[in-house]
Structures are given as C-alpha cells and as structure tokens.
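1. Here's a sequence, model it:
(one chain, ligands or ions: 1)
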Amino acid sequence: MKDIPYKIYLTEQEIPTSWYNMRADMKNKPAPLLHPGTLKPLTFEDMQPIFCDELIRQELDNDTQFIPIPEEVQSFYKMYRPSPLVHAVFLEKALGTPAHIFYKFEGNNTSGSHKLNSAIAQAYYAKKQGLKGVTTETGAGQWGTALSMACSYFGLDLKVFMVKVSYEQKPFRREVMRTYGASVTPSPSMDTAIGRKINEEHPGTTGSLGCAISEAVEVATSTPGYRYELGSVLNQVLLHQSIIGLETKTACDKYGIKPDIIIGCAGGGSNLGGLISPFMGEKLRGEADYRIIAVEPASCPSFTRGKYVYDFADTGKVCPMAKMYTLGNGFIPSANHAGGLRYHGMSSVLSQLYADGYMEAISVEQTSVFAAAEQFARVEGILPAPESSHAIRAAIDEALKCKETGEEKTIIFGLTGTGYFDLKAYEAYNDGTMTDYIPTDEDLAKGFATIPELNL
Ligand SMILES: *Cc1c(COP(=O)(O)O)cnc(C)c1O
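-> Prediction:
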C-alpha cells in the first residue's frame, strides 16, 4: 500500500450528488413504524403533524435506490466535505500490525461530528416547506449543535430540549447552540405536559433522551408552523449519512483499497448505517463480501443484549413504535461518558440487517474505550469523541489479532467526531475515577418490562 497518501481527499467534483438508499437492496425490508394508538403502519398523513413532508417520503421510501441531493445541500456540504479517509500509518506502526487501517474522519466541522450531514438536509426540507422552525432533543449536544448550525444557515427557528444532566454538565455545547440562535431548554422541563408528568413521577430526575424526544414532539405538534427533527435512528437519517460511505467507497475505488472489515460505533445507527451503505449494498446484491462490526457500550447494549421487538421510540410513548433491538423505552443507562450512544433502541434498518446475519455487533467497556482513545490521540494527533473511540477500540483489537495471525487485513472505521467538549470524561479517565458499569440481567429486566406487549 505504498502509493496511498496519508490523507485521501476527493475533489469537490467527486462528492456524491445522490444519497444511496440501502433499503432498496434489502430483501427483508425494515419493519414499518406503527401508530401508537391504532398499531397500524404509519401513513404519510399520520406523520404529517410531526415531520416535514419530503422527509416523510424519504422515511417511507423502501424502493428508490438513489435520491438526488438538493443543490443547496450539495453546496453546504462543500463547506466541510469531502471529509478525508486517513491511512492510519502511525497507529499501524505503533501497534506493529501487518493490518492496514483507515478511518473516515467526520469531525472536521464546528459541530464536531457527522450529524451535520443530516441536519443540513432536514433544515433544508423544513425551509422548503415554508415552516417557521423546528424542535429537537439533544443528549450530549452534538445533534443540537449540528441542527442549530443548519437552521441558522436557512434562517429557521430552533427549539432544543437538552437532557438536563448534559445541560448542566456540558455548558459549552449549549453556548455553541445559543450562538447559532437556538433556544435551549433543560429536559424534563415544566414547559410541556409530558415534562411536568415526568418531573412529578421522578422528582429530581436528570432526564434521558427518551424524555427529551417526548417534549420536543409535543411542542412541534402543538405549535403552528413547526415540525420535529431527529438526528439518528430514522431511515431518512441513515439515507443522508450515506454520504459518508459513498465518499469512502469512491476513495477506496480510486486507490484500489478493498476493506475486509468495516467498523462503526452504534448509538442509533446513523453513522454506521451511512458508512457501510454502499458496501452493504454490494453484500446484499451478492457482489462482494465484507465483515461489518457495530460497536456499542457495555452499559447500553441494544444489539448485543436487547430484544428485537416493537417498542416506543420515547419514554413518554407519544412517538411511533419501531421494531428494533431495544432495551425498553424505560431503560435508563448508567452514567456513561459516550452520551451519543445512550439511546435505548437502534435503527430499524440496521436491526433487520443484524437479525438477517449481514453484520456483527460487540460491546466494549468504557475504560478500555478511553485507553484506545488515548493511544490513538497520541499517535494520530486527533482527540477523538468518546463515541468514536468505541470504533477505535474494535479496530485496534482487530489489528492486534492480525498481528498474531500475520494476516494483512484492511480495516476501515468511522471516526465520527472530536472530543474537545468531552474533557470531563477524559479527566475522569486520567484521574483513574472512571468506572465500568455493566447492567445486570435484573437491570435489563426492568427496561424490558417497559416494552409493550404486542405479539407482532
Ligand atoms: C451521535 C454520535 C454518535 C452516535 O450516533 P449514531 O446515530 O449511532 O451514529 C457517534 N459519534 C458521534 C461523534 C456522535 O455525535
């Protein structure tokens, strides 16, 4: 692999002009979202009060392989794309592995993560529909930051419900959002019926993503000219994130790189779904084979220990139900510094692919993730996000296996973001106070008990 530059940048002309819809190539389509009242598959009309029209069409479209990226979105992408595919030569050397390691770096924008790829698309469709604004939730803050950038670009109002513990412990992202013009409310709040109810039932609660989603949806559906937008899990989000994988594939083809293993961290599944999409497409069509590995925290193990059933997407049970690997809508993960990986469920698309054996999943413990982050930062220079570091952990472990067997495998992983706003987590790791909490079967049983019985 001598002729491969350290950083592979595509030209502006090589940025994809269409998103790829993996669902078009799936024989077993992901299960449809269900109406929480009627338990029937959600129709376009059911979703209209919640989501923007064009985004609903994308959500429901299981057949169109390529969907053109609107020109305004393409030109915004040019501000921070193409993102580099980096040949991790310094990491390879430090590990003494014969493996070839590459990472697709999505942290090169102010929001510090891949979430901007979908945020700008979602803001565009809201603007095009003539809306005044949108609402959303944010956990660690990356999605809220990305959407605040996108909304300010298109002149839309944005109301963010931020999980209370992050609101208090991560004031910096909150201020980035406010700088881009968003209003930020700690969740659960007293501004919504569901927030007041959750506060009453769980006094002193520091919130969860599930609660914040319920609040954001309530405000969107009760305020004229507003809709709700979500940064992960949904089919439309995976569609927009396919830009990551399409660029990666183009770079691989240009330099004759053929990955054996593709690795991504999995929270709601959007970066992983995006990164693998064209490779999974080949796999689904029987044209090529790749090992695909989802990496999740041991403290929130949706794929590895969850159930593949219909569950509510949110704690307040106002959202549609999705069939997915879930720990139960009432599952509240223990304190974990990878905020973006704390969601109880998983993308329906990835859930179906996992159930059908097209991909693997592993879970890793927090301190080992930070050990990998530190090792990576010291040789590759980039301070990785805790979420991304789950993928680094798995990539290093696979490279070390190659060292034992002498195999020259090619590994690609997604480096979804940077960790500058996560220094409290690094502090805990450096001080040796970071803990590894793995939920017991009893802990999980409490979450499973909140899954509705449907027998579907
Ligand atoms: C949100 C986030 C994730 C996890 O979300 P997915 O939808 O699973 O991709 C991973 N990395 C970073 C940096 C994030 O901000």
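2. and the helix or strand of the chain with the lowest mean pLDDT, is it in reach of the ligand?
-> Least confident helix or strand of the chain, by mean pLDDT, DSSP states H and E, is helix 164-169 with a mean of 89. No - on the criterion CB under 6 Å from any ligand atom, helix 164-169 is out of touch with the ligand, staying 12.1 Å away. For every residue, glycine as well, the C-beta is placed using N, CA and C.
3. Would you map the helices across the stretch 251-400 of the chain?
-> For the stretch 251-400 of the chain, applying DSSP state H, counting those that start in this stretch gives helices covering 270-284, 302-305, 348-355, 366-380, 386-405.
4. what's the most buried one of those helices?
-> helix 270-284 (a mean of 26; mean count of other CB atoms under 10 Å).
5. quick one: average confidence on that one?
-> Helix 270-284 carries an average pLDDT of 98.
6. again, but for stretch 410-417
-> 98.
7. ditto for stretch 344-357
-> For stretch 344-357, mean pLDDT rounds to 96.
8. cool, and stretch 434-450?
-> The average pLDDT within stretch 434-450 is 94.
9. What lies in contact with that stretch?
-> For stretch 434-450, the surrounding residues in contact (CB atoms under 8 Å, 6 or more residues apart in numbering) are 298-299, 301, 305, 307, 327-337, 344, 365-367, 370, 425, 428.
10. redo that, cut-off 6 Å
-> 298-299, 327-331, 334, 365-367, 428 (CB atoms under 6 Å, 6 or more residues apart in numbering).
11. Please put the alpha-carbon coordinates of that stretch into PDB.
-> Output in PDB follows, covering the C-alpha atoms of stretch 434-450 (Å, rounded to 0.1, in the frame of the first residue of the first chain):
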ATOM      1  CA  MET A 434     -13.800   6.300  35.500                       C
ATOM      2  CA  THR A 435     -15.900   3.200  36.200                       C
ATOM      3  CA  ASP A 436     -17.200   0.300  34.100                       C
ATOM      4  CA  TYR A 437     -20.800  -0.300  34.800                       C
ATOM      5  CA  ILE A 438     -22.300  -3.300  33.000                       C
ATOM      6  CA  PRO A 439     -26.100  -3.700  33.700                       C
ATOM      7  CA  THR A 440     -27.000  -7.000  35.400                       C
ATOM      8  CA  ASP A 441     -29.800  -9.100  33.900                       C
ATOM      9  CA  GLU A 442     -32.000  -7.700  36.600                       C
ATOM     10  CA  ASP A 443     -31.300  -4.200  35.500                       C
ATOM     11  CA  LEU A 444     -32.100  -5.100  31.900                       C
ATOM     12  CA  ALA A 445     -35.300  -6.900  33.000                       C
ATOM     13  CA  LYS A 446     -36.600  -3.600  34.400                       C
ATOM     14  CA  GLY A 447     -36.100  -2.000  31.000                       C
ATOM     15  CA  PHE A 448     -37.700  -4.900  29.100                       C
ATOM     16  CA  ALA A 449     -40.700  -4.700  31.400                       C
ATOM     17  CA  THR A 450     -41.500  -1.300  29.800                       C
END
